[in-house]
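Novice: okay, predicted coordinates and the sequence, questions at the end:
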Amino acid sequence: MAYDDLRDWIKTLEKQGELKRIREEVSPELEITEITDRVSKIGARGRSRAEGKAASAKYAPGGPALLFENVKGHPGHKVLINQFGSERRMALALGVEKVDEIAERITGLMNVKPPAGGLLDKLKMLPQLAELAKVFPKTVAAKDAPCKEVVLKTKDSDGRANFDLNAFPILKCWPFDGGRFITLPCVHTRDPRSGRRNIGMYRMQVYDGQTTGMHWQRQKVAAEHYRNALRAAVGEMSDNPLSAAVSVMAESAGGAVTIPDGPVGGLPQVAVGSLKGSRLEVAVAIGTDPATTFSAIVPAPPEVEEFMIAGFLRGEAVEIVKCETVDLEVPAHAEIVLEGYVELGELRAEGPFGDHTGFYTMTDEYPVFHLTCITHRKDPIYAATIVGKPPMEDAWMGHAVERIFLPAMKMTIPELVDVHLPVEAVFHNLMIVSMRKSYPGQARKVMNAIWSLGQAMFTKCIVVVDEDCDVHDMGEVVLRVANNIDPERDIQFILGPVDSLDHASRLPNYGSKMGVDATRKWKAEGFNRPWPAMIEMDAATKAKIDAIWSKLGI
């Protein structure tokens, strides 16, 4: 089932008993975060007493979605948060009973074989073809786009804009955050080279009513769009990778600016005079239907547009509409759309920010987003999320990504059986992998294969176990790892790219990673003694006790 928009989704949440309306006045500075943090940790280990026993009994782990209807300083505005914050809501958002059903659909499409030639075989393919036809977005006229019910883009006689970001209840999440942050934006850019569109989710620090930061970490797709725009601006579009680093003498009194290593990288010195007025257009949609919002976080290849991913997840095309002031398309049913640009070479301090690692990420230089227009629905609903010490809403989103993209990982790594990303390791710090072992050294091959896969390249620690180990049972995993490894023999270290949020790495974006081979060792791997069997009761005894268990009164 596809939801028409965020409002349709909210109606479903309420109907399903998954939404709690908060009518008490609360501030968007810290107070909404504190309430949401307590709710999102309902059912978690180490849960604070402040959450209350009643709340635990009433709600499943992750608590309910919250709709704040009385936001201090923003009369009439509403804030939706924790919309994806439970296993059930994550499945509801994607229109399935369990998110694994999405993986099964993907597996089915990947296993489609060309028809043998007969009419019957061709007819059998029609359902798959019809499903694929739904993934392409559908452009609608501005008059049919709810996101354009209110259009703010004019300026007064002094050149001041008639729109102000401060009108929206944007959150300050944690005490030492550098300011208020837009935390659930679908950020739209277009690659200057290929013309492909991308939707990513990057936090945006509000500087004032018309500018924000744009947290484009160097490995993200939008950061590559920014670099391509920089290359184009200095006339450096060669496909030769050795020419990616450009050095141009300053052409104006403005001198040269150094592009820091963190946010964009690769272009150490570019003339400010050459870049002044050079822009990369950006549009930001806030409050889209849940599948479109979720598509902004999936680690899809750059060649696959997120509008298509959203269409696949929805089972129905996403309706899009042209922006007012930039050459981009956005979801027509979004609650709020911010249009504008980043000026190439302009950077500004962004942060600190309380992040999903449970620690603050510190201040760094990032591009600046300048607004040229705001459009929104009448009485727009502001959608947000918070991140911090897990578990929080993003844990359920990350788990959905893990399950949905398992078939794609298996295409590249066929011996892979299952994966698990423990929430406490905040996605990129630990991956548990089970595999079918067929030859010596195969566990190390699997590790290296994972480190070559897109965002999986940031995985700090990979633990490989045999196929009969349940990777979601951490007790079983610890038992295998602790008993099956000789540390010197079975642990390997490599150097490579690490997540920008890894505060422990030796250098920003670069550090060491660890692989642990916890599989049974073979003679061909240098283990010459017999490997002991794990203790397991025989099947006949199990069956007998199963038959009398109810009589035992235990």
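Specialist: That came in fine, so what should we check first? Everything numeric in this text was worked out from a predicted model, so none of it was measured.

Novice: for the rest of this, base every contact and every neighbour count on C-alpha atoms.
Specialist: Will do.

Novice: in the stretch 251-400 of the chain, where is pLDDT below threshold?
Specialist: Counting by pLDDT under 70, the ranges of the stretch 251-400 of the chain that qualify are 251-277.

Novice: where exactly do the helices run in it?
Specialist: For the stretch 251-400 of the chain, applying DSSP state H, counting those that start in this stretch gives helices covering 272-275, 290-295, 306-314, 393-404.

Novice: need those helices in JSON lines with mean neighbour count and distance to Ala425, can you?
Specialist: JSON lines is the format used below for those (neighbours: other CA atoms under 10 Å; distance: least, CA to CA, whole Å):
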{"stretch": "helix 272-275", "mean neighbour count": "19", "distance to Ala425": "41"}
{"stretch": "helix 290-295", "mean neighbour count": "25", "distance to Ala425": "21"}
{"stretch": "helix 306-314", "mean neighbour count": "25", "distance to Ala425": "27"}
{"stretch": "helix 393-404", "mean neighbour count": "21", "distance to Ala425": "10"}
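
Novice: could I get these as CSV with distance to Gln442?
Specialist: Listed next are those as CSV, based on distance: least, CA to CA, whole Å:
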stretch, distance to Gln442
helix 272-275, 50
helix 290-295, 33
helix 306-314, 33
helix 393-404, 22
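
Novice: can you say which of the ones you listed is nearest to Lys138?
Specialist: helix 306-314 (9.6 Å; CA to CA).

Novice: these two touch, right, Glu525 and Ala443?
Specialist: No - with contact defined as CA atoms under 8 Å, Glu525 does not count as touching Ala443 (11.2 Å).

Novice: one step back: which one of the helices of the stretch 251-400 of the chain lies closest to Ala103?
Specialist: Nearest of those (CA to CA): helix 393-404, 4.5 Å.

Novice: can you name the residues in contact with the closest one?
Specialist: Residues from elsewhere that reach helix 393-404 (CA atoms under 8 Å, 6 or more residues apart in numbering): 40, 62, 82-87, 90, 99-100, 102-103, 106, 294, 298, 356, 385-387, 419-421, 423, 426-427.

Novice: from those, which land in strands?
Specialist: Mapping the contacts of helix 393-404 onto strands (DSSP state E) picks out Val419, His420.

Novice: just the buried ones among the contacts of helix 393-404, please.
Specialist: Neighbour counting by 16 or more other CA atoms under 10 Å classes 40, 62, 82-87, 90, 99-100, 102-103, 106, 294, 298, 356, 385-387, 419-421, 423, 426-427 among those as buried.

Novice: and for Tyr439, the neighbour number?
Specialist: Look at Tyr439: counted by other CA atoms under 10 Å, it has 10 neighbours.

Novice: OK, contacts around the residue nearest to the spatial centre of the chain?
Specialist: Centroid check for the chain by CA atoms, centre = their mean gives Ile297 as the closest residue, at 2.7 Å. Residues in contact with Ile297 (CA under 8 Å, 6+ apart) are Gly200, Met201.

Novice: make it 10 Å
Specialist: Ile297 is in contact with Leu184, Cys186, Ile199, Gly200, Met201, Tyr202, Glu306, Met397, Gly398, Val401, counting by CA atoms under 10 Å, 6 or more residues apart in numbering.

Novice: got it, and Arg529?
Specialist: By CA under 10 Å, 6+ apart, the neighbours of Arg529 are Lys521, Trp522, Lys523.

Novice: work out for me the element Arg489 sits within.
Specialist: Remark: Arg489 resides in helix 487-490, with elements defined by DSSP states H and E.

Novice: and the next helix or strand after that helix, what does it pack against?
Specialist: Next helix or strand after helix 487-490 toward the C-terminus (DSSP H and E): strand 491-497. Strand 491-497 sits against helix 442-450, strand 461-466, strand 510-517, with contacts defined as 3 or more CA pairs under 10 Å, 6 or more residues apart in numbering; DSSP states H and E.

Novice: average pLDDT across the shortest one?
Specialist: Going back to what we said before, that points to strand 461-466. Per-residue pLDDT over strand 461-466 has a mean of 98.

Novice: following it, which helix or strand comes up?
Specialist: According to DSSP H and E, the helix or strand after strand 461-466 is helix 474-484.

Novice: return the set of buried residues in that next one.
Specialist: Val477, Arg480, Val481, Asn484.

Novice: in CSV: those residues, plus pLDDT and distance to Pro508.
Specialist: Converted to CSV, the buried residues of helix 474-484 look like this (pLDDT from 0 to 100; distance: CA to CA, whole Å):
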residue, pLDDT, distance to Pro508
Val477, 96, 31
Arg480, 95, 33
Val481, 96, 30
Asn484, 95, 34
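
Novice: which two among the residues you listed are spaced furthest apart?
Specialist: Across these (CA to CA), the longest gap, 10.4 Å, separates Val477 and Asn484.
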